[in-house]
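Peer 1: no sequence on this one, just coordinates:
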């Protein structure tokens, strides 16, 4: 299955800078350690954003989870890092009840 309305998938820059790359965020700091170890930082946030959107647009949905806020979609894919290494990540997207735009929730490494 494809992500509904995948062409409009959205990742906010602040979600990357204040969460995925934040070394002080209570939940995000472990993710920041991982992504920063592969060269992701504030200088390449735009590319990171586009690569996450690409995963949403080309990879299949592997799981759908009903929540109180809407439907969450789990999508696995690969990112080419700034250090030219491919890494497998799981991304999570939400389409909130009453909305049609898939919004990025999180990403983390796949073992």
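Peer 2: Sure, I can see it. Quick caveat: nothing in here was measured; it's all calculated off a predicted structure.
Peer 1: the protein: strands as residue ranges?
Peer 2: Ranges of strands in the chain, per DSSP state E, are 61-66, 70-80, 86-96, 103-109.
Peer 1: ok, which of those comes nearest residue 29?
Peer 2: Closest of these to residue 29 is strand 103-109, at 12.3 Å (criterion: CB to CB). Quick note: C-beta positions are derived from backbone N, CA and C, even for glycine.
Peer 1: relative to residue 50, which of the strands of the chain is closest?
Peer 2: Here strand 70-80 is closest among the strands of the chain (CB to CB), at 10.4 Å.
Peer 1: pairing partners for that closest one, with directions?
Peer 2: strand 61-66 (antiparallel), strand 86-96 (antiparallel) (DSSP bridges).
Peer 1: need the ones you listed in JSON lines (columns: mean pLDDT and mean neighbour count).
Peer 2: Listed next are the strands paired with strand 70-80 as JSON lines, based on pLDDT from 0 to 100; neighbours: other CB atoms under 10 Å:
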{"stretch": "strand 61-66", "mean pLDDT": "98", "mean neighbour count": "12"}
{"stretch": "strand 86-96", "mean pLDDT": "98", "mean neighbour count": "18"}
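Peer 1: which pLDDT value does the model give the nearest residue to residue 58 once chain neighbours are set aside?
Peer 2: Spatially, and ignoring its direct neighbours in sequence, residue 58 is nearest to residue 77 (7.4 Å; CB to CB, 6 or more residues apart in numbering). Looking at residue 77, its pLDDT stands at 98.
Peer 1: and for residue 77, the neighbour number?
Peer 2: If you count neighbours by other CB atoms under 10 Å, residue 77 ends up with 21.
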